[in-house]
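J.: sequence and predicted structure are below.
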Protein chains: 2
Amino acid sequence: MSPESITAAALEVGDREGPKAMSMRRIAAELGCDPMALYRHFGDREALLDAVADRALVDVPAPAPDDPWDTRLRAVLGGVRAAALRHPGIAEHVAARPPLGENGQRLGAAMLSALTDSGLPPGDVVRAFQALIAYGAAALAMAVRAGRRDARWEQAADTIGALPGGERSRELPAVGSDDQFEYGLHLILAGIRAEAGWVQLGAAQPVQEPAQERAGEQPDPPRQRDEHQRPERPGDPEDTESGGGERAAGDDPVHSGREPRVVGLESGHDLVE
Amino acid sequence: MSPESITAAALEVGDREGPKAMSMRRIAAELGCDPMALYRHFGDREALLDAVADRALVDVPAPAPDDPWDTRLRAVLGGVRAAALRHPGIAEHVAARPPLGENGQRLGAAMLSALTDSGLPPGDVVRAFQALIAYGAAALAMAVRAGRRDARWEQAADTIGALPGGERSRELPAVGSDDQFEYGLHLILAGIRAEAGWVQLGAAQPVQEPAQERAGEQPDPPRQRDEHQRPERPGDPEDTESGGGERAAGDDPVHSGREPRVVGLESGHDLVE
DNA sequence: ACCTGAACACCGTTCAAGT
DNA sequence: ACCTGAACACCGTTCAAGT
């Protein structure tokens, strides 16, 4: 009757009977104990599901530190996605929650490290991190719902097909598919590259191969036109002193002339309970 | 006792008492009728919430058709986000569901039209559309939870602050903030630009102004260095015939040599019920 | 035929009663 | 002091009984 045995039982009943079955009562029944016994180890159901979600990520390995930063990001996000989809009972919860358990922190650190290596300024590293988490979570949620054959998305495919520009793509939008996931991730990584100042070789003739990088999960030796070269940067992210205060609070182009920054969550609105 | 009066009552009780209060019984009580009466107009709770979510989007205007494609995308996604946050009771549901009601289709069509104008090939238009929906949904969900002061995210901020590269950004990650939302959207739009073959002027000296486009919601006249020029493209998206079958099924660089395409949801796995 | 509301099969969590 | 389980305050939905 340990936290571990509880999360194990929860994961099993969730995998077997779906997310709705992961109730305190049902999990307790699985363990043959009183539902209240669970509250000895977890404050409430949410805390228990947090632990279960993190447990589902134990098998996701940290990326190889010598890989390029974008490869590392793809490895982490793809790994989380695959691991979560292996446990459909908890995938929805993984998708809805920030990664805060032991494994979530480990993988989050790997992502932040990769983003730092991308050359983004430190402040943008955190923003890009959150953007990637958001995208990954939503794509995962879509995959879970697509697996559950949500009639809404089938209808959405019809709608898209009926719209101008969507006619020829009627069979494309496999909603939560790996392909779809990789494409969106590819877009964000390309955005990071542009933002960090990488120059994409071959950008002059984009029609023939604008998308081939997405196939690049595999070693991809044959013809690597998707190489990138980094321009020299006057101030490195490290020296924040004389290297140019180009993104200090005052002249930050994003925030100057706007309302006072919301810091953390302290000054946030409080919607309900 | 019409569908409209029901959705109106649901929206009001949701705004007033939070998403959990939007139960069939509670909404019926608001209307002074039997809970079962709601089932005459909506098949189940999910269908009712779909209608309520769409109703929350009536006020989001279609973007000005003459604006640049990226401005239109920002307008639609920002508008949906703002409208949803005005109705926190339903925001979570808006975030979790594809846009299928009257207003969702209207805004989805505007997004697809904008993406078509971005120069992406038709198949990628749909992929980019879904990626944007996914990102917008997740960012909205984060904003709702941040508004609810989720302790998890405060802890996440601490974790990020403790990681290498995150030290200086301790006060940055206002989790569901407008700033954060716009940054992620900016990354995706930059990715689309790169993918569609747009060249970003000034990419040679990126350190000084890599991020200023994000301020571009306002007219932004002073100095527009974030202009883009489009290279000539051999085949226009419109002529799919002789203009070059460059992205036909056979030689699609993304899909060639992979497992058979998943089409729609028909061939999908079925996780549970 | 239509509508109603009692009833079913659940929830998460509290808390008083037992040990 | 600790643990248990009855009880509270809810759910979405079914379905038999009423009109």
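T.: Noted; the coordinates are in hand.

J.: now for the lengthiest helix in chain A, which elements pack on it?
T.: Taking DSSP state H as the criterion, chain A has its longest helix at helix A:122-147. Here helix A:122-147 touches helix A:69-86, helix A:88-96, helix A:102-118, helix A:151-162, helix A:178-196, helix B:122-147, helix B:178-196, going by 3 or more Cβ pairs under 8 Å, 6 or more residues apart in numbering or on different chains; DSSP states H and E. Any C-beta I mention is one placed from the backbone N, CA and C, and that applies to glycine too.

J.: mind checking which of those is nearest B:Leu112?
T.: helix B:122-147 (5.7 Å; Cβ to Cβ).

J.: what mean pLDDT does the closest one have?
T.: Averaged across helix B:122-147, the pLDDT comes to 87.

J.: may I see the buried residues of it?
T.: B:122-147 (16 or more other Cβ atoms under 10 Å in any protein chain shown).

J.: what lies in contact with the helix or strand where A:Glu4 lies?
T.: Under the criterion of DSSP states H and E, A:Glu4 resides in helix A:3-17. Helix A:3-17 is contacted from outside by A:21-22, A:26-27, A:30-31, A:38, A:41-42, A:48-49, A:51-52, A:55-56, A:87-90, B:272, using Cβ atoms under 8 Å, 6 or more residues apart in numbering or on different chains.

J.: try 7 Å this time
T.: With contacts defined as Cβ atoms under 7 Å, 6 or more residues apart in numbering or on different chains, helix A:3-17 is touched by A:21-22, A:26-27, A:30-31, A:38, A:41, A:48, A:51-52, A:55-56, A:87-90.

J.: tell me the helix or strand right after that helix.
T.: Going down the chain from helix A:3-17, the next helix or strand is helix A:24-31, by DSSP H and E.

J.: quick one: low-confidence ranges for chain A?
T.: A:147-175, A:199-273 (pLDDT under 70).

J.: enumerate the residues of it near DNA strand D.
T.: Contact residues (Cβ under 7 Å from any atom of the strand) of chain A with DNA strand D: A:33-37, A:40.

J.: can you put the residues you listed in a markdown table and add secondary structure, neighbour count and distance to chain B?
T.: Converted to a markdown table, the residues of chain A next to DNA strand D look like this (DSSP: H, G, I helix; E, B strand; the rest coil; neighbours: other Cβ atoms under 10 Å in any protein chain shown; distance: Cβ to the nearest Cβ, whole Å):
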| residue | secondary structure | neighbour count | distance to chain B |
| --- | --- | --- | --- |
| A:Cys33 | coil | 16 | 25 |
| A:Asp34 | coil | 12 | 26 |
| A:Pro35 | helix | 14 | 20 |
| A:Met36 | helix | 9 | 23 |
| A:Ala37 | helix | 14 | 24 |
| A:Arg40 | helix | 11 | 21 |
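
J.: now for those, which pair is the farthest apart?
T.: Longest span within those, Cβ to Cβ: A:Pro35 and A:Arg40, 11.0 Å.

J.: need the overlap of contacts for those two.
T.: Both A:Pro35 and A:Arg40 lack any common contact, where contact means Cβ under 7 Å, 6+ apart.

J.: deepest of the helices and strands packed on helix A:122-147, which one?
T.: Highest mean neighbour count of these: helix B:122-147, a mean of 25 (counted as mean count of other Cβ atoms under 10 Å in any protein chain shown).

J.: quick one: work out the angle between it and helix B:102-118.
T.: 130 degrees (axes from the mean of the first three to the mean of the last three Cα atoms, to 10 degrees).

J.: tell me the angle helix B:122-147 makes with helix A:88-96.
T.: If you take the same axes, to 10 degrees, helix B:122-147 sits at 80 degrees to helix A:88-96.

J.: what's the domain layout of chain A?
T.: A:1-56, A:60-152+A:171-203 (automatic domain parsing).

J.: near DNA strand C at all, the last one?
T.: Think domain A:60-152+A:171-203. No. Judged by Cβ under 7 Å from any atom of the strand, domain A:60-152+A:171-203 makes no contact with DNA strand C; its nearest approach is 12.0 Å.

J.: kindly report the same for the first one.
T.: Yes. Contact between domain A:1-56 and DNA strand C, assessed by Cβ under 7 Å from any atom of the strand, occurs at A:21-26, A:35-36, A:39, A:44-46.

J.: from DNA strand D, how far off is A:Glu46?
T.: To DNA strand D, A:Glu46 is 17 Å away according to Cβ to the nearest atom of the strand, to the nearest Å.

J.: in a helix, that residue, correct?
T.: Yes. According to DSSP: H, G, I helix; E, B strand; the rest coil, A:Glu46 belongs to a helix.

J.: residues near it, how many?
T.: 14 (other Cβ atoms under 10 Å in any protein chain shown).

J.: now swap in A:Glu12 and tell me
T.: If we define neighbours as other Cβ under 10 Å, then A:Glu12 has 15 of them.

J.: now do A:Glu17
T.: Neighbour tally, A:Glu17, other Cβ under 10 Å: 15.

J.: how near is it to A:Leu112?
T.: Remark: distance between A:Glu17 and A:Leu112 (Cβ to Cβ, to the nearest Å) = 36 Å.

J.: same question, A:Met142
T.: For A:Met142 relative to A:Leu112 (Cβ to Cβ), the value is 25 Å.

J.: just A:Ser177 next, same as before
T.: Distance of A:Ser177 to A:Leu112, computed by Cβ to Cβ: 28 Å.

J.: got it, and A:Ala194?
T.: 20 Å.

J.: now A:Ser2
T.: Counting by Cβ to Cβ - A:Ser2 and A:Leu112 are separated by 31 Å.

J.: try A:Leu77
T.: For A:Leu77, the distance to A:Leu112 - Cβ to Cβ - is 13 Å.
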